[in-house]
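Engineer: attaching a predicted model along with its sequence, questions to come.
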Amino acid sequence: MAFRTRAKLSGVAFGAAVLAAAGQLGLAYGLGILHLNRVVDVTARDQWTAQLAWVAWITMIAAAVGGMAGRVHLPRRSGAGTRIVAAFLAGLGAAAVIPLTMQPARGASVAGVRPVLVIGICAALSAIVGIGAAYAALSRPVARWNLVTIGVAIWVIAIASVGESFAPGKPAASARLGVFDASFLDSSITDRTALFTMPALALVCGLIIGLVARGRGLSTLSIALSGLAGPALLTLAYLVAGPGDTDYQTVPYWAAMTASGAGVLGSVLAAVLRRAPGTSVPPVRPEPGNPSAPQRPPLPKRDAQPDSAIAQAASTAAQRTPEELRPSDTGVLNMPPFDGFTPSPGRPEPQPISPPLPHPRPTGPPPVAPPPVGRGRNDGEFVDWVSGLGPNN
């Protein structure tokens, strides 16, 4: 079962990349954006370089589309190895651009350039870069959102640039990657659009996608990097094509170098913007009798507490008549007020206690103790010592 799932994933990633590459090339040929079999002299060689940027972009986006299509069939607990294999097959499918561009380039003539070899190398390098784009599309939802947004915007700008040439009698117009090259604009305005179109587009898309990622509750790092994937492909596409020799290619080249930073700036702004307070205001109630007074929120209430046994007994006693009440019911004993100075009726007044009389001391000689049994008075000094009576002198 796992083998069938992985085989289906690989087949979908490869097939979707091939279809995306062929479809974009057909659209570019049909709109007149690509003329790979043209004869270009040395003064107009940057027009050929501008088409190389389109070839690189189409190849990278085709690989990313393969990764997005394979994401639907990606197993839930798949590891990095499964994603790498699917991304590699998506890049291999995007490499279909190589023969589809090398064949028409055989009829091209560019001064100082071997068109077939150069366009083949350009497409091959772009397919390798596309593997990374496909892996990002397989792994991160913010990368998929940004790639789709930037990809659609780039094609909308290209169609708007060549749209006037669809009218009868109008010459075919060329469009540079990520530049609004409308023929009805003045050349000075076109030079400004070549410099600001890609950075402005990356900034706006990064901000919007960052806000969407923030609303989804993603991590701060994911929000901050949500504006990187699409502008990074623009930067790499111009790096593969080269800066050219004139402003026709040099100006958008340097604009593409700043597109990645502008996209990250927009997403970082979305990540650091201050959140609105999420606390809700409690409902208020008007004060009775004074509708013009300021309304205040109700005070918090405590939960009802169960009555104690004493409170229950008191409530039961409160329902009885006074005749039925007993002191034990109310816990109150009827006692007369205490007055320590007024005697209560019915009780004798206490009489003061007189102090005891002193005991009269005897006068005269002390009584003589009887002699002990068995001894007489003729026992001498021993008898006198025992009786405590010494000799009376």
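Structural biologist: Cool, the structure landed. Only a predicted model underlies this, so the values are computations on that prediction, with no experimental measurement involved.

Engineer: how about stretch 28-35: buried residues?
Structural biologist: Buried residues in stretch 28-35, counted by 16 or more other CB atoms under 10 Å: 28, 31, 33-35. All C-beta atoms are positioned from the backbone trio N, CA, C, and that covers glycine.

Engineer: what's the domain layout of this protein?
Structural biologist: 1-139, 142-273 (automatic domain parsing).

Engineer: possible to save those as CSV with distance to Gln312 and mean pLDDT?
Structural biologist: Formatted as CSV, these follow (distance: least, CB to CB, whole Å; pLDDT from 0 to 100):
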stretch, distance to Gln312, mean pLDDT
domain 1-139, 60, 88
domain 142-273, 52, 89
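
Engineer: can you add distance to Ser315 and give those back as a markdown table?
Structural biologist: Shown next, in a markdown table, are these (distance: least, CB to CB, whole Å):
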| stretch | distance to Ser315 |
| --- | --- |
| domain 1-139 | 63 |
| domain 142-273 | 53 |
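
Engineer: and the helices in the stretch 1-150 of the chain, which stretches?
Structural biologist: 2-31, 45-71, 80-94, 97-105, 115-139, 141-162 (DSSP state H, counting those that start in this stretch).

Engineer: got the angle for the last one vs helix 2-31?
Structural biologist: Here helix 141-162 points in a direction 20 degrees away from that of helix 2-31 (axes from the mean of the first three to the mean of the last three CA atoms, to 10 degrees).

Engineer: just checking, what packs against the helix or strand that comes right after helix 141-162?
Structural biologist: Next along the chain after helix 141-162, taking DSSP states H and E as the criterion, comes helix 187-215. If you count contacts as 3 or more CB pairs under 8 Å, 6 or more residues apart in numbering; DSSP states H and E, helix 187-215 packs onto helix 141-162, helix 220-224, helix 229-241, helix 247-272.

Engineer: out of those, deepest packed?
Structural biologist: helix 229-241 (a mean of 25; mean count of other CB atoms under 10 Å).

Engineer: quick one: that one to helix 45-71, angle?
Structural biologist: Using the same axes, to 10 degrees: helix 229-241 against helix 45-71 is 140 degrees.

Engineer: can I get helix 229-241 in CSV, CA atoms only?
Structural biologist: Provided in CSV are the C-alpha atoms of helix 229-241 (Å, rounded to 0.1, in the frame of the first residue of the first chain):
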residue,chain,number,x,y,z
ALA,A,229,9.1,31.9,-2.0
GLY,A,230,7.7,33.7,-5.1
PRO,A,231,10.1,36.7,-5.1
ALA,A,232,13.0,34.3,-4.6
LEU,A,233,12.2,32.6,-7.9
LEU,A,234,12.1,36.0,-9.6
THR,A,235,15.5,36.8,-8.2
LEU,A,236,16.9,33.4,-9.2
ALA,A,237,15.4,33.6,-12.7
TYR,A,238,17.2,36.9,-13.4
LEU,A,239,20.4,35.5,-11.8
VAL,A,240,20.3,32.6,-14.3
ALA,A,241,19.6,34.9,-17.2
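
Engineer: next, the buried residues of stretch 52-65.
Structural biologist: Applying 16+ other CB under 10 Å to stretch 52-65 flags 52-65 as buried.

Engineer: tell me which of these is nearest to Asp247?
Structural biologist: Ranked by distance to Asp247 (CB to CB), the buried residues of stretch 52-65 are led by Ala53 at 14.9 Å.

Engineer: separation between the residue lying closest to that closest one once chain neighbours are set aside and Ile121?
Structural biologist: Nearest residue to Ala53, sequence neighbours excluded (CB to CB, 6 or more residues apart in numbering): Ala241, at 3.9 Å. Note on Ala241: its distance to Ile121, by CB to CB, to the nearest Å, is 11 Å.

Engineer: cool, and Gly151?
Structural biologist: Gly151 is 23 Å from Ile121, by CB to CB.

Engineer: list the contacts of Ser183.
Structural biologist: With contacts defined as CB atoms under 8 Å, 6 or more residues apart in numbering, Ser183 is in contact with 164-165, 173.

Engineer: same check on Val85?
Structural biologist: Here Val85 is in contact with 6, 10 (criterion: CB under 8 Å, 6+ apart).

Engineer: surely Met257 meets Ala237?
Structural biologist: No. Counting by CB atoms under 8 Å, Ala237 is not a contact partner of Met257; they are 11.4 Å apart.

Engineer: need the residues touching each of these two.
Structural biologist: Counting by CB under 8 Å, 6+ apart, nothing touches both Met257 and Ala237.

Engineer: relative to Arg76, how far out is the residue nearest to Ala53?
Structural biologist: 39 Å.

Engineer: kindly report the same for Asp191.
Structural biologist: Distance from Asp191 to Arg76, counting by CB to CB: 51 Å.

Engineer: swap in Gly30?
Structural biologist: 40 Å.

Engineer: and what of Leu233?
Structural biologist: Distance from Leu233 to Arg76, by CB to CB: 28 Å.

Engineer: ok, Phe184 next?
Structural biologist: 52 Å.

Engineer: among those two, which residue is more densely surrounded?
Structural biologist: Taking neighbours as other CB atoms under 10 Å, Phe184 and Arg76 compare with Phe184 leading, 7 against 4.

Engineer: what about the residue nearest to that one when sequence neighbours are not counted, neighbour count?
Structural biologist: Spatial nearest neighbour of Phe184, excluding adjacent residues (CB to CB, 6+ apart): Glu164 at 6.2 Å. If you count neighbours by other CB under 10 Å, Glu164 ends up with 13.

Engineer: now do Ala7
Structural biologist: 11.

Engineer: what do you get for Arg4?
Structural biologist: When neighbours are counted by other CB under 10 Å, Arg4 comes out with 8.

Engineer: and for Arg214?
Structural biologist: 18.

Engineer: can you tell me how far it is from Leu225?
Structural biologist: 13 Å.

Engineer: turn the contacts of Ser183 into TSV, columns for distance to Ala86.
Structural biologist: Shown next, in TSV, are the contacts of Ser183 (distance: CB to CB, whole Å):
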residue	distance to Ala86
Glu164	41
Ser165	39
Ala173	38
